[in-house]
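J.: Here is the input, now give the coordinates:
(one chain, ligands or ions: 2)
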Amino acid sequence: MRDEEEEKAVLEQVFGCDSESESESDCEREWEWESIEEVKGLWLCPNFLSTRRQSLILSAIEDEKWFPNPSINQAMRFGLQHLPSWALPLAHTIRRSAQAHQPPPLPGHILRREPLFDQMIANVYEAGEGICPHVDLLRFHDGIAILSLESSCVMHFTSDASSVPVLLTPGSLILMSGEARYLWKHQINRTTPGFQIWKGQQLTQSKRTSITLRKLQFQ
Ligand SMILES: O=C(O)CCC(=O)C(=O)O
Ligand SMILES: [Fe+2]
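T.: Ligands and ions are numbered 1, 2, ... in the order given. You can find the predicted model right below:
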């Protein structure tokens, strides 16, 4: 089978996406990639996953009981063989979507690497919870993807005196490489007033789940 056919077969198997209605199809989706101009190397795709595929991932996480009680809010998987079944089709979709866009939202050498990702973190945030400003550890390669599920939030990218807000809606994906990955910090502040405002409107906070995909340096 050609790569593309093989990928479609995998997607159909995992997500049953052959019989989707046209507008919601994940197999042939019109992805809208936006470059965040102020932060070089940062791209946002607000309509990356259909609501159906978002639900499938959330149900799979629930079925596998990754978060059995409120004190557990993070699940990590290292190595291709330990990733959940939906992570590979998700990574394939990221690659295909990025390759289909000009200019590509990740540099060519990253988009061509195998595997694209072999490490995953799922984070669950209740209302008011976020993540402190940080640069992801250097043990991970360049080229990081974050998928947002459930509640929307504003993520801020900060560097010296600059702070750039990015709205992460459910089903959106961001890709970070180069300066965005190494020079800018990213954070989600859902406690300090003023941080969760988008276009003058205060965002309603509820539970949010995110999936971060990265590639280990030494594997
Ligand atoms: O939850 C998010 O959107 C961000 C997660 C993150 O920055 C990380 O896992 O390093
Ligand atoms: Fe991070």
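J.: is it true that A75 touches W66?
T.: Yes - contact criterion Cβ atoms under 8 Å: A75 and W66 qualify, at 4.2 Å. Quick note: C-beta positions are derived from backbone N, CA and C, even for glycine.
J.: could you show me where the strands are in the protein, in order?
T.: Shown for the chain, the strands assigned by DSSP state E span residues 34-35, 42-45, 74-78, 119-125, 131-134, 144-150, 153-159, 162-168, 173-176, 185-188, 197-198, 201-202, 208-214.
J.: which of the ones you listed is buried the deepest?
T.: strand 173-176 (a mean of 26; mean count of other Cβ atoms under 10 Å).
J.: would you put the C-alpha positions of that strand in CSV?
T.: Backbone C-alpha positions of strand 173-176 (Å, rounded to 0.1, in the frame of the first residue of the first chain) are rendered in CSV as follows:
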residue,chain,number,x,y,z
LEU,A,173,-3.5,22.5,17.5
ILE,A,174,-0.4,24.6,18.0
LEU,A,175,3.0,23.8,16.6
MET,A,176,6.2,25.3,18.1
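J.: Report whether that strand contacts ligand 1.
T.: No - shown here: strand 173-176 not in contact with ligand 1 (Cβ under 6 Å from any ligand atom), separated by at least 8.0 Å.
J.: can you tell me the residue of this structure closest to ligand 1?
T.: S210 (3.3 Å; Cβ to the nearest ligand atom).
J.: Kindly state the beta-bridge partners for that residue.
T.: N123, S148 (DSSP bridges).
J.: isn't it right up against I144?
T.: No - the pair S210 / I144 is not scored as a contact, 11.7 Å apart, by Cβ under 8 Å.
J.: For E30, see how far away the residue of the chain closest to ligand 1 is.
T.: Applying Cβ to Cβ, to the nearest Å, the value for S210 to E30 is 24 Å.
J.: Once you drop chain neighbours, what's closest to Q202?
T.: Q196 (6.5 Å; Cβ to Cβ, 6 or more residues apart in numbering).
J.: what residues do A75 and W66 have in common as contacts?
T.: Common contacts of A75 and W66 (Cβ atoms under 8 Å, 6 or more residues apart in numbering): A122.
J.: re the thing from before, and the strands of the chain as a markdown table, adding distance to T51 and mean pLDDT?
T.: Below are the strands of the chain laid out as a markdown table (distance: least, Cβ to Cβ, whole Å; pLDDT from 0 to 100):
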| stretch | distance to T51 | mean pLDDT |
| --- | --- | --- |
| strand 34-35 | 20 | 98 |
| strand 42-45 | 15 | 98 |
| strand 74-78 | 22 | 98 |
| strand 119-125 | 19 | 98 |
| strand 131-134 | 25 | 98 |
| strand 144-150 | 10 | 98 |
| strand 153-159 | 18 | 98 |
| strand 162-168 | 16 | 98 |
| strand 173-176 | 14 | 98 |
| strand 185-188 | 22 | 98 |
| strand 197-198 | 20 | 98 |
| strand 201-202 | 22 | 97 |
| strand 208-214 | 14 | 98 |
